[in-house]
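Novice: Here's my sequence, what's the structure:
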Amino acid sequence: MSKENPFIAVIDYGAGNIRNVMKAIAYVNMPAKLTKDPDEILAADGIVIPGVGAYRAAMDKIKAHDLVIPLQKAAANGTPMLGVCLGMQLLFDSSTEFGETSGLGLIPGEVVTLPQKQGFKVPQMGWNQNNVAIENSLTQGIKDEFTYFVHSYYVKTDAQYIAASVDYGVQVPSIVIKDNIIGAQFHPEKSGEVGLRVWQAFADMVSDKAVIV
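Specialist: Below is the predicted model of the structure:
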């Protein structure tokens, strides 16, 4: 049953690009609240973990605000959760960026550096075309479409969680899904109409108008 006034908690841990994330959520008519309050996070109908920057620094801030357990509890409770760019990487077990750092452990996998390959500059910065492996209500909006990426690290995880990927010398997961947990390596808030389809699919999931299946 859908809630009368659902809202999304956008996790406030000092990440960049918050303004664009909040604008994108507002565009799809879903109330959002920027918060680091554990009670508000657990009460939310959906959660967005934004992110621009380094994995270790981000996890240090999340731990400093005592947000690890509330986020893990919300995930276990079935709350739809969307991690964006660095926020997607934080969903995984660990990262090698600036040494081994533990993540939220919501999806099995590790974040590693993009390999140095001829013709592929690191970081990946710009538009790349999504190849959809698992078709569902979210990925149907990005199939064969270009979205905007800025990152030096990527996720290595089991194929069962990779709903879409892009070719950047290696296959980079661009959308990952595990039950109610979703990650987007690209920036949907910077990807124009295609990105807004991702926000709409997530908003629909939050309001029970649709599910990511």
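
Novice: Now do the contacts for the most centrally placed residue in the chain.
Specialist: The residue lying closest to the centre of the chain (Cα atoms, centre = their mean) is residue 83, at 2.1 Å. If a contact means Cβ atoms under 8 Å, 6 or more residues apart in numbering, then residue 83 has 48-49, 51, 89-91, 181-184 as its contacts. Just so you know, the C-beta spots here come from the backbone N, C-alpha and C atoms, and that holds for glycine as well.

Novice: other SSEs contacting the longest helix anywhere in the chain?
Specialist: Secondary structure of the chain read by DSSP state H shows that its longest helix is helix 192-206. Using 3 or more Cβ pairs under 8 Å, 6 or more residues apart in numbering; DSSP states H and E as the contact test, the elements touching helix 192-206 are helix 18-27, strand 46-49, strand 146-151.

Novice: any weak-confidence spans in this protein?
Specialist: 1-4, 209-213 (pLDDT under 70).

Novice: roughly how far apart are residue 110 and residue 84?
Specialist: 19 Å (Cβ to Cβ, to the nearest Å).

Novice: higher neighbour count, those two?
Specialist: The neighbour comparison of residue 110 against residue 84 (other Cβ atoms under 10 Å) goes to residue 84, with 31 against 16.

Novice: Could you list everything the more buried one pairs with in the sheet?
Specialist: Judged by DSSP bridges, the bridge partners of residue 84 are residue 184.

Novice: Could you look up the SS state of the closest residue to residue 170 other than its chain neighbours?
Specialist: Distances taken as Cβ to Cβ, 6 or more residues apart in numbering place residue 115 nearest to residue 170, at 6.1 Å, with adjacent residues excluded. Classification of residue 115 using DSSP: H, G, I helix; E, B strand; the rest coil returns coil.

Novice: how many neighbours does residue 115 have?
Specialist: The burial count for residue 115: 11, using other Cβ under 10 Å.
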